[in-house]
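Asks: Starting from these lines, generate the structure:
(one chain, ligands or ions: 1)
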Amino acid sequence: MIIAANLKTNLTRKETKKYINEVDAYITSCNSSQEVLVFPAMSSLDTYKSSVVVGAQNAYPTDNGAFTGEIGLTHLNEFDIKTILIGHSERRHILGETQEELVKKFNYFKELGFKIVYCVGEPLEKREAGKDVMMEYISTQYEGIDTQYENLIIAYEPVWAIGTGLTPTLDDIKDIHKELKDKSSAPLLYGGSVKVANAKEVLSIENVDGVLVGSAALCAEDFCKMIEFAEELS
Ligand SMILES: O=C(CO)COP(=O)(O)O
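Replies: Residues are numbered from 1 along each chain as shown. From the prediction side, this is the model:
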């Protein structure tokens, strides 16, 4: 399974190093076979010698250039980073990234062979408008995306479930994941208020190939517990 931590705008470089070392020590000590990804804040990217795969939360689709506030491929190459998160709801909805921009980013990193964790998910009003509207909305987030890309991982993260403590029912997750698997056979993660208390049941759902965890992953011990659950279920 794939167990991923999106650290968002949290943890300093020093704290991130400690975090990754703790997770690495756990994976090594129990010989875990899970695929563990960690996405630190931009300024905490570094060369980590670890069994954890470190990815970028974002980068601009360029080698380098005049894109104030962004980093490019050169900066990822410095740390040998070959994994990137694209389409996270916070980038879509808070930072205003459009589907067109995301497709450009996707294609740029795809050409370079990056592992791409591509996020989709509906806001509350689309969910409340009924299943057809909701699935139609999610479908628009697949537009222009190569769903057959071999290094693709998709993360289904309902916007209203992110950081709210709310989650869809287990049946809802099962139902939506089944439909999303028809769009792409890529590994499909669930994200949105996953925590130690619910991770095991979420990971047990059919067509859930892993989880993408935000706030609850900030505690290394809790994140390791989720890796342990995945190991037990594998
Ligand atoms: O956005 C998320 C992971 O990318 C989920 O965040 P939370 O786990 O804090 O709800």
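
Asks: For the chain, give the residue positioned nearest to the ligand.
Replies: G214 (2.3 Å; Cβ to the nearest ligand atom). Where you see a C-beta, it was placed from the backbone N, CA and C, and this is true even at glycine.

Asks: Which strand or helix spans the residue sitting furthest away from the middle of the chain?
Replies: Largest separation from the mean C-alpha position in the chain: A66, at 27.5 Å (Cα atoms, centre = their mean). Following DSSP states H and E, there is no helix or strand that holds A66.

Asks: re earlier: so the residue of the chain closest to the ligand sits right up against K8, yeah?
Replies: Yes - using Cβ atoms under 8 Å, G214 is in contact with K8, at 6.0 Å.

Asks: In terms of neighbours, single out the busier of the two.
Replies: More crowded of G214 and K8, by other Cβ atoms under 10 Å: G214, with 23 against 18.

Asks: ok now do that one, which residues does it touch?
Replies: G214 makes contact with A5, N6, K8, I162, G163, G191, according to Cβ atoms under 8 Å, 6 or more residues apart in numbering.

Asks: near the ligand, which residues of this structure?
Replies: 6, 88, 157, 162-163, 191-194, 212-216 (Cβ under 6 Å from any ligand atom).

Asks: among these, which are in strands?
Replies: Within those, residues falling in strands by DSSP state E are N6, G191, L212, V213.

Asks: Please convert those to TSV, extending it with pLDDT, neighbour count and distance to C30.
Replies: Formatted as TSV, these follow (pLDDT from 0 to 100; neighbours: other Cβ atoms under 10 Å; distance: Cβ to Cβ, whole Å):
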residue	pLDDT	neighbour count	distance to C30
N6	98	26	23
G191	98	25	24
L212	98	27	22
V213	98	26	18
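
Asks: got those residues as CSV, with distance to Q148 columns?
Replies: Output for those, formatted as CSV (distance: Cβ to Cβ, whole Å):
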residue, distance to Q148
N6, 25
G191, 22
L212, 21
V213, 27
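
Asks: now, among the residues you listed, which is nearest to I173?
Replies: Of all those, the one sitting nearest I173 is G191; the distance, using Cβ to Cβ, is 10.6 Å.

Asks: got the contact list for the closest one?
Replies: Contacts of G191 (Cβ under 8 Å, 6+ apart): N6, C119, G121, A155, Y156, E157, A161, I162, V211, L212, V213, G214.
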